[in-house]
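Engineer: Make a model of this:
(chains A and B)
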Amino acid sequence: MEKAIIALAAALAVGIPAIATAYAQARIGSVGAGTIAEKPETGGIIIILEAIPETMVILGFVVAVMLILQFA
Amino acid sequence: MMYFKDLTDLPENYGYLNARLRAHFPDFLGREDYRSLAGKTLQGIEVFLLDTRYGKSFRKGLVELPLSIHRRIEMALAETAAESLNHARKMAMGEPEDLLRVLLSGADLHNGRLLLRFFFTGAIYEGSPMWHGYGTLPVSFFRKLWSSSHSIDQVIDRCLAFPNPFSRPLGKACSELRKGATLPASERVLLSGILAYLYVVLDRHRSKNSGLVREFLGRSIDIWNMNIWSRAVSGTFPKEKAAGLYIENGSYLSIEKLKASADQDQLLRSTVWEGALSRTGSRSVAMIVSRATKLFLLWQISLRRKDPLGIEVAIGFCAQQLVEWQNLNALVVGIDMGLGVDAVMDKIIIPG
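Structural biologist: Reported below is the predicted structural model:
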């Protein structure tokens, strides 16, 4: 039972940030595509902006790994 | 079913459309381009246009039609502008598609008014007028009406039989004209019919975007009402007659205010149209309509950076395309008349 709860917590730790990241990246991506189309020189900045929400899911993944290593 | 309906209203629908539209913004001409064009001859303008996105239509005109240089440029501008606006509509799906139909309905109104004016004046016109080809009604429909223009009855029949929501109001407006109505009264029938349909389209969507397009329509109605008001105040037609020509649902000028206002300050002060009041130039009431139209276009262009995932980008794009078309036409006419660079630049609308 305890293991199941830990597994669920780990899944939520990575799943919720993944959904939030997808939501943010979808919007940043479509707006970024428009910005690059309008001003091609902004390409580098847009790639960085697109990557920033990715940190959420990476941190979620780290938390999930820690949960599993600590308690499972 | 609801799921699919929700899908069509997703902001992602705006994402793709807006990215494609924003890619075209750098193609629009800027102040320096206009200034350099204003110093050229018509032949110089022709050479310039051949190297731009107008080149394709221009070459077609050169090959296919033996026209004057002025007419050739005019046709290339109209064709390219229509192509660009139709392309925008084709890229849209779901809510933006409906909203773009509303935004581009000005073409149907323009074409309908051309037809009504022709019948009203009874003028004989060689060739076909410059139809705006980005509306819901196809240009071929207006060409057919024009070719049967010797008989208003035939035009009415064709309009009523054509399966399009805008052709019926046009038929009704022609019918009013035949019964002896004035030109503004029959134009009002046309505008009211088109607006009734557009509000039905807007009612399908309850969002911030449809609210903005509703304001767009409201401001368009304000301009119509301002036009009627200015004629009533200048004595072109009696005030009682003008009262029946106003249209409801204006954004900032209520019918009560229009009826009660005796001068332009009283009407426009403390509204978004305040900028149409002249501070230094002509105090003529006739001028407020053209200044308000310019303000309206500039407002639309200013929206383009407000929300990259909303209808604002499309509103800005359509307005900028129409302004460029209008500017280039003004430029060609100015050069043809032999005006100097500064005089031509005075007629050009440059977004801030």
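
Engineer: Please make it C-alpha for all contacts and neighbour counts, starting now.
Structural biologist: Fine.

Engineer: Next to chain A in this structure, residues from chain B, please.
Structural biologist: B:12, B:15-16, B:18-26, B:308-309 (CA under 8 Å from any CA of the partner chain).

Engineer: Show me which of those are buried.
Structural biologist: Buried by 16 or more other CA atoms under 10 Å in any protein chain shown: B:12, B:15-16, B:18-23, B:25, B:308-309, out of the residues of chain B next to chain A.

Engineer: what's the closest of those residues to chain A?
Structural biologist: Ranked by distance to chain A (CA to the nearest CA), those are led by residue B:19 at 3.5 Å.

Engineer: How about the contacts made by that closest one?
Structural biologist: A:30-31, A:33-35, A:37 (CA atoms under 8 Å, 6 or more residues apart in numbering or on different chains).

Engineer: try residue B:233
Structural biologist: Contacts of residue B:233 by CA under 8 Å, 6+ apart are B:239, B:262-263, B:285.

Engineer: Columns pLDDT, secondary structure and neighbour count on top of those residues, output as JSON lines?
Structural biologist: Listed next are the contacts of residue B:233 as JSON lines, based on pLDDT from 0 to 100; DSSP: H, G, I helix; E, B strand; the rest coil; neighbours: other CA atoms under 10 Å in any protein chain shown:
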{"residue": "B:239", "pLDDT": "80", "secondary structure": "helix", "neighbour count": "17"}
{"residue": "B:262", "pLDDT": "86", "secondary structure": "coil", "neighbour count": "14"}
{"residue": "B:263", "pLDDT": "86", "secondary structure": "coil", "neighbour count": "13"}
{"residue": "B:285", "pLDDT": "76", "secondary structure": "helix", "neighbour count": "19"}
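
Engineer: rewinding a little: so which one among the residues of chain B next to chain A has the lowest pLDDT?
Structural biologist: Lowest pLDDT of the residues of chain B next to chain A: residue B:12, 59.

Engineer: Can you tell me the SS state at the nearest residue to residue B:86 once chain neighbours are set aside?
Structural biologist: Spatial nearest neighbour of residue B:86, excluding adjacent residues (CA to CA, 6 or more residues apart in numbering or on different chains): residue B:134 at 5.5 Å. On the three-state scheme (DSSP: H, G, I helix; E, B strand; the rest coil), residue B:134 is labelled coil.

Engineer: these two touch, right, residue B:134 and residue B:79?
Structural biologist: No - using CA atoms under 8 Å as the test, residue B:134 is too far from residue B:79 to be in contact (9.4 Å).

Engineer: Those two: who's more crowded?
Structural biologist: residue B:134 (24 against 20; other CA atoms under 10 Å in any protein chain shown).

Engineer: Next, the more buried one: phi, psi?
Structural biologist: Reported as degrees, to the nearest 10, the phi and psi values for residue B:134 are phi -120, psi 20.

Engineer: can you tell me which residues contact it?
Structural biologist: Applying CA under 8 Å, 6+ apart, the residues near residue B:134 are B:82-83, B:85-86, B:104, B:107.

Engineer: Show me what from chain A comes close to chain B.
Structural biologist: A:26-27, A:30-31, A:33-35, A:37-38.

Engineer: Report the contact partners of the residue lying closest to residue B:306 once chain neighbours are set aside.
Structural biologist: Using CA to CA, 6+ apart and skipping the chain neighbours, the partner closest in space to residue B:306 is residue B:312 (6.5 Å). Residue B:312 makes contact with B:209, B:300, B:303-306 under the criterion CA under 8 Å, 6+ apart.
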